[in-house]
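Peer 1: Show me the folded form of this:
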Amino acid sequence: MDFHTIISQLNSSSEWKQWREIHKDCFLSYGFVLLDEANKDAWQVGYFCSNTDRMTTFVVQSNKITVGPELEVMKDESGVLPLKLNEIKIDDTSAMNHANQARLKSFSAEQPLKIFFILQTLNIGTIYNVTFLTKSLRTLNFKISAQTGEVITQSSESLVQMDKKK
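Peer 2: Residues are numbered from 1 along each chain as shown. Sure, this is the predicted structure:
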């Protein structure tokens, strides 16, 4: 489902309206979806409160809205940025198509087990941050412009090597 539709559904819900009355200073930070059969229609939508450094996540699935607890956020030096809805010009299906084409072009031997993505604003712009977990225990990551569908960056890492770095 289109993210703008998800946000409209969330913003019209009583759960969000009640939460918003108390959390006026919080801003939309991300949308997350895991693309497997059990979760493909369940969007997690995060709102960040900079005065408390806490995030509240709403799960939007069909006509059901669930509010998660406020959780502390580990952030990097750039902090948590507001998700700019006006910069989202392509939908999640189009973003996935661009990521899949880039995966097939650069990493054709890698077979995905799980696919998930985060719609967020980073210092490089508003992006779909698409990650494939592959059968060979690699992560393939593609940052796709939410405005143009262009692949901004791509990377591949072995989960085994990632574990050794710790």
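Peer 1: domains in the chain, as residue ranges please.
Peer 2: Structurally, the chain divides into domains by automatic domain parsing as follows: 3-72, 85-164.
Peer 1: With mean pLDDT and mean neighbour count as extra columns, can I get those domains in JSON lines?
Peer 2: The C-beta positions use only the backbone N, C-alpha and C, and glycine is treated the same way. As requested, the domains of the chain are exported to JSON lines (pLDDT from 0 to 100; neighbours: other Cβ atoms under 10 Å):
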{"stretch": "domain 3-72", "mean pLDDT": "91", "mean neighbour count": "15"}
{"stretch": "domain 85-164", "mean pLDDT": "92", "mean neighbour count": "16"}
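Peer 1: Indicate which one of these is closest to residue 79.
Peer 2: Proximity of those to residue 79 was assessed by Cβ to Cβ; the nearest stretch is domain 3-72, lying at 8.0 Å.
Peer 1: so what does the helix ranked longest in the chain touch, helix or strand wise?
Peer 2: When secondary structure is assigned using DSSP state H, the longest helix within the chain turns out to be helix 92-106. The elements that helix 92-106 packs onto, with contact taken as 3 or more Cβ pairs under 8 Å, 6 or more residues apart in numbering; DSSP states H and E, are strand 112-122, strand 125-134, strand 138-145, strand 151-158.
Peer 1: coming back round to it: save the domains of the chain as CSV, and put in distance to residue 78 too.
Peer 2: Rendered in CSV, the data for those read as follows (distance: least, Cβ to Cβ, whole Å):
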stretch, distance to residue 78
domain 3-72, 13
domain 85-164, 5
